[in-house]
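# One predicted model, sequence on top.
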Amino acid sequence: MLKIDNTVVAAMVRHGLLPCAPYTPRVVITIKTMETFHLCHLQCPQFSVQAFVRALCDLHQSPCHSHLQEQFRICYDVYIEILCQVDQRVMNALSRDEPDWRLRNCYPACTFTVKDEPALEFKMLLAIDGNNLLRRLSENSTESASEEMGDSFAMNHTEPARRARIDLREVSGWGNYYVSRAHVEEFSKEAIGEILTTDTDPENPMEPSPCTERWANMVNDLTSRMWGIYDETGIFLSVCRHGFVLLVADMIKSGELAKYPLAIIDKLIDVLGDKLGVGYDVGCKFGTTINRSPIGPKARLHHYRSLVGLFHGHAHNRRCQLCNLGTYILGMGLEDLETCERWFSKSNSLASSTRHMSAYHRRLAIIMYMHHVDRNDAYENLSKFLCSNYKQALKIIKEIPALVQTMDVLGIESQSEFDKWLQEEKEYLNGLTKEPEFETCAMEYYSQLVEFYMLEAKLAKTRVEHSDIITPETFTQSRDKTSRKETARRHLIEKTRKQLQNVQHMELLLNIGGEHERWAPGMAAWESAQTLVRTRDYRRCLNNLEALVVSRIFELTKMNMSKTGKSYLILRSKTIQVALTKYNAAAKAMSPPRPPLQWDQVVEYAFLANFDLLRNAREDIIKKPWANPNGRAAMDGYFKLQRAYEEIDRLNVEIKRVVTFIRHEDIYLCQREQELSSTDPMLAFQIARYRQQWSRFDDLHMKRFSALSGEPGFTGSIVPGELSEPRSGFGNGIGFNDKSDKSIHRNKESVDEGESENDDGSEVDEEAIQIYTAIGE
């Protein structure tokens, strides 16, 4: 074997050059160039190797040959491997190389618990969701597509199948973001059988989930399949509410199967423990799936809670909203649980560059992107997120006088009335989940009778027409006409007899005996059944109208046109207008008539939550205070106020956690840097770089927290606390008064004065520096 230090390649690397070959390289690229491309690509994932190499060729006034791109990619692979190895050595030196260390410790506001902090209803709030843009073409993509699509595809795509070199390497390091495929397959249909194939309602396990038909990823989610031209068809992601990535899984030749979230939740419960609140666009159904799955007992033991994101929740059944929407959940605060959507809006730019990569390079690109976002974007915006939410909560709390005034107008004596209203609405909607069996039979009997009486009337009319006298003179002329009438009359008699059999069958079910007891117009039973049928038709028209509005809203969302909803719906939704006309006709037929809906009401997004209140089938709730628009607005204001108070409580805890993390992280990293400076100076230098990468935003965080502490209504603390328990990778016995603080080397570079959130100028800067000094003393 060659001694690495004595090779030409080693000499080149020591001089800042990366070779394109391991032994006798003839082309080298500077490490600075690699670093420039690497950082530019992470900030703008669309910026490809091809674009960068072409830019270099333009800079050097030389033609761009295809082999230059290949050589650059070889060097880039070497550069990434060096970064990975360095990161692993740094994490090992810091005692942060345990398999799940990142998942336990890398989220300052979520996992860095402080001594004597108040308990929260949810230990951690996070979101999960799938995304199919980060899919990858298979090595034999054209052949697979031909098998899937047929001969027409093959005729239009005559290029040879794409056959990439098989790359069996596994991505190691970078924080272990991925859940293994083996763990995911433990929850596949083949592994756990048919226990997940039935969508049920958590309130009534025997009934289908009321939201199933509204969501594509809730229907047949265990059997859906993607085109064969893709190997990985996307990713399934979990992120905390602050935007840090927790875990991710590749979706393999499928859509959002239940096995992906099950595998992720299983891992999260094992590592993070109790009181996880997880938002998912189909959280109502997924909660039932969890309970029926093998991890159901574990989830119940650890008080796992499945929730619905605020945006997606508005398209859910109202009864589902009352049970799963954050607005009505104790301890949720103002969190919307839609973090995945915001994360995907940025990560989608990575899709174009990963579509044709090998499996190894695709996963590596995704992991590097997540690693970069966590260490830079998410951590930089952490204090901004906390401060913005705090100010939003304080703004909501200032609306208390308006709520009190509304309560006086409505004659509401106590805010506790709103909790009673919510419970009453739940009980009412639960009563509408299934029509009583007798009512169902009565409506069917009424419908069969209506059809029977109509056929009898037609038959009686034909008998009158056939009573006309036919003379010899008119016989020949009317023979053909008479034959057609006789055939139609015979068919009508057959239909009447069949319908009579249907009527008699329903009479047996309803225990109606004797001809004189058969229902007829004017009888009380007839009128009652007629009302039920009209109500059912009314509700069906309402269901159809609601479904159309929901589908149009999500069309707008996909096109990023949500703010132009009304004008777009007017131009596009002729179908909605027809459905609205049918609804108003059905509402008019009700007794008493229901108020008609206007177009402006239908296109209002918030109105979707009230559709279920219009389905008052067996009792009149129009006069109920919680069904009145003013009463509902007051009730929503009350619950929004309660969530604002909860948000303040959570933010007070999270802000103190972040401040404590800043202090302990800096102390520990400086200690390890000093300890290694004499024995391994190169590793100590890399630890210093690691510390600088994390601490470069600390001045900005403290500046924001300092400004927030001066806000009227701030009840938290920006003084560091003590860890609730010793944590691996943060040293032992480090307390707030530890004298090792004097070794801190803080980056005192000024923070950008142009930030919109702080306009106080030098006074705030000076205050932030004073707080920083206090942290280090």
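Right, received. Where do you want to start?
# any low-confidence regions in the stretch 151-300 of the chain?
Along the stretch 151-300 of the chain, segments meeting pLDDT under 70 span 151-166, 193-228.
# so where do the helices sit in it?
151-156, 181-185, 189-192, 259-272, 283-292, 296-301 (DSSP state H, counting those that start in this stretch).
# pLDDT at residue 468, what is it?
pLDDT, residue 468: 55.
# With distance to residue 381 added, can I get the helices of the stretch 151-300 of the chain in TSV?
For the C-beta atoms, the positions are set from N, CA and C on the backbone; glycine is no exception. Listed next are the helices of the stretch 151-300 of the chain as TSV, based on distance: least, CB to CB, whole Å:
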stretch	distance to residue 381
helix 151-156	44
helix 181-185	30
helix 189-192	39
helix 259-272	22
helix 283-292	25
helix 296-301	31
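# Of the ones you listed, which is nearest residue 73?
Among those, helix 181-185 comes nearest to residue 73, with 26.0 Å by CB to CB.
# Point out the most buried one among the helices of the stretch 151-300 of the chain.
helix 283-292 (a mean of 24; mean count of other CB atoms under 10 Å).
# orientation of that one relative to helix 259-272 in degrees?
70 degrees (axes from the mean of the first three to the mean of the last three CA atoms, to 10 degrees).
# roughly how far out does helix 283-292 sit from the chain middle?
Its chain's C-alpha centre and that of helix 283-292 lie 15 Å apart, by CA atoms, centre = their mean, to the nearest Å.
# same deal with stretch 499-517?
Offset of stretch 499-517 from its chain centre (CA atoms, centre = their mean): 52 Å.
# what mean pLDDT would you report for that stretch?
79.
# residues in contact with it?
438, 441-442, 444-445, 448-449, 451-452, 455, 518-519 (CB atoms under 8 Å, 6 or more residues apart in numbering).
# What residues of it count as buried?
499, 502-503, 506-507, 510 (16 or more other CB atoms under 10 Å).
# can you redo the residues you listed as CSV with secondary structure?
Formatted as CSV, the buried residues of stretch 499-517 follow (DSSP: H, G, I helix; E, B strand; the rest coil):
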residue, secondary structure
499, helix
502, helix
503, helix
506, helix
507, helix
510, coil
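# Now distance to residue 408 too, for those, in JSON lines please.
JSON lines is the format used below for those (distance: CB to CB, whole Å):
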{"residue": "499", "distance to residue 408": "60"}
{"residue": "502", "distance to residue 408": "58"}
{"residue": "503", "distance to residue 408": "58"}
{"residue": "506", "distance to residue 408": "54"}
{"residue": "507", "distance to residue 408": "57"}
{"residue": "510", "distance to residue 408": "52"}
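# Tell me which residues touch residue 727, please.
Residue 727 neighbours (CB under 8 Å, 6+ apart): 105, 112.
# Kindly indicate which of the buried residues of stretch 499-517 lies nearest residue 118.
residue 510 (60.4 Å).
# ok, now how distant is that closest one from residue 500?
Separation of residue 510 from residue 500 (CB to CB, to the nearest Å) stands at 16 Å.
# cool, residue 125 as well?
62 Å.
# Tell me which stretches of the stretch 351-500 of the chain form helices.
Applying DSSP H, counting those that start in this stretch to the stretch 351-500 of the chain gives helices spanning 351-354, 359-372, 379-380, 382-397, 400-410, 416-431, 437-465, 472-509.
# so which of these comes closest to residue 626?
Closest approach to residue 626 among the helices of the stretch 351-500 of the chain (CB to CB): helix 416-431, 3.9 Å.
# for that closest one, packing partners?
helix 318-324, helix 629-676 (3 or more CB pairs under 8 Å, 6 or more residues apart in numbering; DSSP states H and E).
# follow-up on the earlier one: kindly supply the ChimeraX command isolating those of the contacts of stretch 499-517 that are buried.
Buried subset of those, written as a ChimeraX selection, criterion 16+ other CB under 10 Å:
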select :442,444,445,448,449,452,455,518,519
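# Which two of the contacts of stretch 499-517 have the greatest separation?
Largest separation among the contacts of stretch 499-517 by CB to CB: 438 and 455, giving 25.8 Å.
# pLDDT (mean, whole number) over the host helix or strand of residue 583?
Assigned by DSSP states H and E, residue 583 belongs to helix 574-589. The average pLDDT within helix 574-589 is 78.
# which secondary structure elements does that helix contact?
Against helix 574-589 (3+ CB pairs under 8 Å, 6+ apart) you get helix 524-558, helix 599-602.
# Worst mean pLDDT among these?
Minimum mean pLDDT among those: helix 599-602, a mean of 66.
# Help me confirm that residue 125 is found in a helix?
No - per three-state DSSP, residue 125 lies outside any helix segment and is strand.
# Tell me who's in contact with it.
240-241, 277, 279, 332-333, 335, 337.
# Against residue 286, how distant is residue 293?
10 Å.
# so what's in contact with the two at the same time?
Common neighbours of residue 293 and residue 286 (CB under 8 Å, 6+ apart) are residue 258.
# Domain map for the chain?
4-93, 127-357, 437-520, 636-775 (automatic domain parsing).
# sec struct for residue 96, please.
Assigned with three-state DSSP, residue 96 falls in the coil class.
# Leaving out chain neighbours, which residue sits closest to it?
What sits nearest to residue 96 in space, not counting adjacent residues and going by CB to CB, 6 or more residues apart in numbering, is residue 729, at 3.9 Å.
# Ok, residue 402 next?
residue 637 (7.6 Å).
# what's the burial count for that neighbour?
Burial of residue 637 is recorded as 18 neighbouring residues (other CB atoms under 10 Å).
# go on, residue 66?
Using other CB under 10 Å, residue 66 is surrounded by 9 other residues.
# Likewise for residue 236?
24.
# Next: residue 705.
The burial count for residue 705: 24, using other CB under 10 Å.
# cool, the one 3 residues further on as well?
Neighbour count for residue 708, taken as other CB under 10 Å: 22.
# Tell me who's in contact with it.
387, 390-391, 655, 714, 718.
# ok, now residue 188?
257, 259.
# how about the nearest residue to residue 654, chain neighbours excluded?
residue 109 (3.9 Å).
# quick one, what contacts the one you found?
242, 382, 386, 654-655, 657-658.
# Could you identify the most distant pair in the residues you listed?
Longest span within the contacts of residue 109, CB to CB: 242 and 655, 11.8 Å.
# In terms of neighbours, single out the busier of the two.
Neighbours were counted for residue 242 and for residue 655 using other CB under 10 Å; residue 655 has more, 25 against 20.
# just the domains of the chain: most buried one?
The most buried one of the domains of the chain (mean count of other CB under 10 Å) is domain 127-357, showing a mean of 19.
# any idea how far that one is from the chain center?
Relative to the chain's own centre, domain 127-357 is displaced by 9 Å; criterion: CA atoms, centre = their mean.
# again, but for stretch 580-587
That offset, for stretch 580-587, works out to 34 Å (CA atoms, centre = their mean).
# Can you point out the buried residues in it?
For stretch 580-587, a neighbour-count test (16+ other CB under 10 Å) marks 580, 582-584, 586-587 as buried.
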